[in-house]
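> next come a sequence and a model predicted from it.
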Amino acid sequence: MDTTTEMKNTETKVTEEQAMAHVKGLLEFIGEDVDREGLIKTPHRVINAMRDHFSGYNQNPKEYLKRTFSEVEGYNELVVVSDIELHSHCEHHMVPFVGKAHVAYIPDGRVLGLSKIARVVDAYAKRLQVQEKLTAQIADAIQDELQPQGVAVILKCRHFCMCYRGVKKPESWTTTSKLHGLFMNNPSTRMELFTLLGMGANNG
């Protein structure tokens, strides 16, 4: 996503008062009494929650990847940041999906601060998303900005739109991956990653 697309979302065309009116309308739509005590402040609370849930629209994830370190004694082996907690919302039903992100890369002279990887995951996750797209966005951003020898992103998530509505399968998980460079082209490198993550051939 380019900078123009990143930044246009900060220029909202709907005021806070209008947004709260929309929330109030939805409460009325489902049959609620919007004037009862428990719901009087709900529209305000919902808007504040949405600011947090979708704060990624006000961030450019690639900015987190611009500061790197080159004094790493020539380190050019696997770097894995695993089990990054992920909270996002499905763009089809606006309900949560949650899980873990595993992000790996093989440096080519430059490394990232480890916290920056988690920030990139959050910045993309805190938007309306599709898991497949989210996986690709994280991997592509790291590949584009860092130009490492390889990047791998694996997400394993549980989707509330599948757990608690529709087909109602609460125990189901969705796993997606996006690979670049050596992880795509070198089977032994790919297997090293999967082994470290406990995702070998016998583990699915």
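That came through, no problem.
> could you pull up the residues touching the residue nearest the centre of the chain?
Taking C-alpha atoms, centre = their mean, the centroid of the chain lies closest to Ala125, which sits 2.6 Å from it. Contacts for Ala125 (C-beta atoms under 8 Å, 6 or more residues apart in numbering) come out as 56, 86-88, 101, 134. C-beta: built from backbone N, CA, C; applies to glycine.
> ok, now with 7 Å
The contact partners of Ala125, by C-beta atoms under 7 Å, 6 or more residues apart in numbering, come to 56, 86-88, 134.
> among those, which lie within strands?
The members of the contacts of Ala125 that map onto strands under DSSP state E are 86-88.
> considering these, which is situated nearest to Asp33?
For the ones in strands among the contacts of Ala125, the residue nearest Asp33 by C-beta to C-beta is His87; the value is 30.8 Å.
> the nearest residue to that closest one once chain neighbours are set aside pairs with what?
Spatial nearest neighbour of His87, excluding adjacent residues (C-beta to C-beta, 6 or more residues apart in numbering): Val98 at 5.3 Å. In this entry, Val98 is beta-bridged to His87, Arg158, by DSSP bridges.
> against which helices or strands is the longest helix along the chain packed?
Identified as the longest helix of the chain according to DSSP state H is helix 131-146. In terms of contacts (3 or more C-beta pairs under 7 Å, 6 or more residues apart in numbering; DSSP states H and E), helix 131-146 is packed against strand 96-106, helix 114-125, strand 150-159, strand 174-181.
> quick one: terminal-to-terminal distance for stretch 158-168?
12 Å (C-alpha to C-alpha, to the nearest Å).
> in it, what's buried?
Buried residues in stretch 158-168, counted by 16 or more other C-beta atoms under 10 Å: 158-163.
> and the two most separated of those?
Taking C-beta to C-beta, no two of these sit farther apart than Arg158 and Cys161, at 10.2 Å.
> quickly find the element holding Gly31.
In the assignment (DSSP states H and E), Gly31 maps to no helix and no strand.
> kindly apply the preceding question to Leu27 instead.
Per DSSP H and E: helix 16-29 holds Leu27.
> now find how far off-centre that helix is within its chain.
Using C-alpha atoms, centre = their mean, to the nearest Å, the mean C-alpha position of helix 16-29 is found 27 Å from that of the whole chain.
> mind listing what's buried in it?
Buried residues in helix 16-29 (16+ other C-beta under 10 Å): 19-20, 23-24, 27.
> tell me the helix or strand right after it.
Helix 16-29 is succeeded, C-terminally, by helix 42-53 (DSSP H and E).
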